[in-house]
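**Student:** Mind folding the following:
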Amino acid sequence: MAEPTSHPDLPQKIMIDGYSLLPEDLVNLGYGHTAIEISPEAIARVQKSRDVIDNIVSEGRVVYGVSTGFGRFAKTTIASDKLEELQDNLIRSHCAGVGTPLPPERTRRLLALRINILAKGYSGIRLETLNKMIAAFNASCLSCIPEKGTVGASGDLAPLSHLALGLMGEGKMWSPETGWDTAAKVLAHHSLEPIRLGPKEGLALINGTQFMTALGAEALVRAKVITAQADIVAAMTLEALSGTQKAFDAEVHAARPHKGQQLVARRLRSVLASDFHPSDIAKSHVDCGRVQDAYSLRCTPQVHGVTNDTVDFVYGLIQTEMNSATDNPMVLSSRNLTISAGNFHGEYPAKALDYLAIGIHEIANISERRIERLCNPSYSGLDAFLVKEGGLNSGFMIPHCTAAALVSENKVLTHPSSVDSQSTSAATEDHVSMGGFAARKALTVVEHVEMVVAIELLAACQALDLRKEEGLLSTKPLQAVHALVRSVVKPYDKDRVFTEDIEAVTCLLRSNKVWTAVADDVKAYWQYEEERATSS
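**Tutor:** Reported below is the predicted structural model:
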């Protein structure tokens, strides 16, 4: 497993309190450059919660998951001298995941998110156990967690059990210093002690939606980043195709005042031709007689807009889920009792992430149509497939096919997994969310969207190169994006391998560099637009 690239701007430490973790915080915690600690308030809550469990054990009360079996065996009472063995058996028996292990970044996020939930003080875990989890996180001692096997209720049982197993010193574990080895050896190398589970603690470690939510937070943050930049790439395509910016008029979009639609139209106006940002290309076709552009150009605010609104909606749900107690039973220390309920059910993140996949997919769907227009000389008025000596050279013929293939895959992947349910645990757990698959699919869809937009950006830059040969330059912000791309990918004067170029531009997009390249110009235009509106 390779470690991620450096992120020098990340904080050295973050305070975890169970209430205020943001999706961006969680994504950044995955990079391994930031340590965590829990707040004094969280420490107090955790201790009070544990006191409730200790009282239950000392009084010999029968409570689900503390002194009983699990699922179908909830009515089976366990002898007091078997309570610790019960928790160990729970973890081992629930380690039934299959598939490729999560990479280090995602395992860190999963561990960090489970720590955040435990810090709320509804789980009954001992402070000693929680501190050992924090020490493992800070040392990047990461359990082997297969990515498949959760049905998303009662929580992400299999992946969270694999997470706990490594912390117990069993199974496999990875750290930057040791690579893959037995968990016992990795922990010993870092002078860390394995967790020894007390009553209720095994259940406290695995009841929850943290697998789907941790993966979902990454998908969400990446979707947010690519969505804003897709507007800039669409503007470049419109400019290269000699399209009109009139369809993005502010009054037009105020008449249908969806938040996302208005935002996208404003972003497009910010980088396209105007008195503030003149364009040779736009001036060259002022009197061309074209009334309107194709939908893939003209309707960008309406299509990209609803994706923006989808991302905002999902953000709220995922942020709430990241800071929610999802245990069963819930330990209510203020009332000195436990209640068996259903906060572990993953329907909220499952539905949200299915919705995210559907919403973000449309960015790639319309992007592929714009790539087609760039490559087709009947639409672009440029060289076929954006290359000289067509026939000898194929140009962007196959990159367009790649985009089409990715979009086609997404159309299958956006079928909602959360519409399915399978009865499990002898019909005790008779409705489940399938949220783990929703999260994994959403990540794949976002990855495909990033690649399709990268191909559009490459094609738009090549088209602008061809316009430049005609003596026509674009606006200042779009020229800045063009220069950014050309800093990592040279123009196409003849055929060469495309894969490395697509990867390089995808990296630019993932690191938000396209937005950074235009951010100051966008801000300046918005100020100009506001001043103009005020003066009129």
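**Student:** going forward, measure contacts between C-alpha atoms and count neighbours the same way
**Tutor:** OK.
**Student:** Tell me who's in contact with the residue most central in space within the chain.
**Tutor:** Most central in the chain under C-alpha atoms, centre = their mean is residue 219, positioned 1.6 Å from the mean C-alpha point. Residues near residue 219 by C-alpha atoms under 8 Å, 6 or more residues apart in numbering: 439, 442, 443, 446.
**Student:** Provide the secondary structure category for the last one.
**Tutor:** It refers to residue 446. Using DSSP: H, G, I helix; E, B strand; the rest coil, the structure places residue 446 in helix.
**Student:** next one: the one 10 residues further on
**Tutor:** Here residue 456 takes the helix state, with states given by three-state DSSP.
**Student:** What is the helix or strand hosting residue 442 packed up against?
**Tutor:** Counting by DSSP states H and E, the element that carries residue 442 is helix 435-469. Judged by 3 or more C-alpha pairs under 8 Å, 6 or more residues apart in numbering; DSSP states H and E, the packing partners of helix 435-469 are helix 210-240, helix 347-375, helix 397-413, helix 476-486, helix 499-510.
**Student:** Run through the helices of the stretch 151-300 of the chain in chain order.
**Tutor:** Using DSSP state H, counting those that start in this stretch, the helices found in the stretch 151-300 of the chain span residues 157-167, 183-189, 201-206, 210-240, 250-254, 259-271, 280-284, 295-298, 300-322.
**Student:** Between the ones you listed, which one is closest to residue 103.
**Tutor:** Residue 103 lies closest, by C-alpha to C-alpha, to one member of these: helix 210-240, at 11.3 Å.
**Student:** now that closest one, how far from the chain's geometric center?
**Tutor:** Its chain's average C-alpha position is 9 Å from that of helix 210-240, according to C-alpha atoms, centre = their mean, to the nearest Å.
**Student:** surely residue 436 meets residue 158?
**Tutor:** No: Residue 436 lies out of contact with residue 158 (C-alpha atoms under 8 Å); the separation is 10.5 Å.
**Student:** which neighbours do those two share?
**Tutor:** In contact with both residue 436 and residue 158: residue 150, using C-alpha under 8 Å, 6+ apart.
**Student:** Those two: who's more crowded?
**Tutor:** Neighbour count, other C-alpha atoms under 10 Å: between residue 436 and residue 158, residue 436 has more, with 33 against 28.
**Student:** Pull the contacting residues for the closest residue to that one other than its chain neighbours.
**Tutor:** Closest residue in space to residue 436, ignoring its immediate chain neighbours: residue 212 at 4.7 Å, by C-alpha to C-alpha, 6 or more residues apart in numbering. By C-alpha under 8 Å, 6+ apart, residue 212 lies in contact with 152, 156, 346, 349, 350, 435, 436, 437, 438, 439, 440.
**Student:** so which of these comes closest to residue 144?
**Tutor:** Residue 144 lies nearest to residue 156 out of the contacts of residue 212, by C-alpha to C-alpha, at 15.0 Å.
**Student:** Residue 214 is in contact with the closest one, correct?
**Tutor:** No: counting by C-alpha under 8 Å, residue 156 does not reach residue 214; the two are 11.1 Å apart.
**Student:** okay, those two: which has more neighbours?
**Tutor:** Shown here are residue 156 and residue 214; by other C-alpha under 10 Å, residue 214 has more neighbours (29 against 26).
**Student:** ok, how many other residues are close to residue 520?
**Tutor:** 12.
**Student:** Which helix or strand contains it?
**Tutor:** Assigned by DSSP H and E, residue 520 falls in helix 513-535.
**Student:** counting contacts, what elements does that helix pack onto?
**Tutor:** helix 210-240, helix 259-271, helix 476-486.
**Student:** Out of these, the one nearest residue 363 is which?
**Tutor:** Here helix 210-240 is closest among the helices and strands packed on helix 513-535 (C-alpha to C-alpha), at 7.3 Å.
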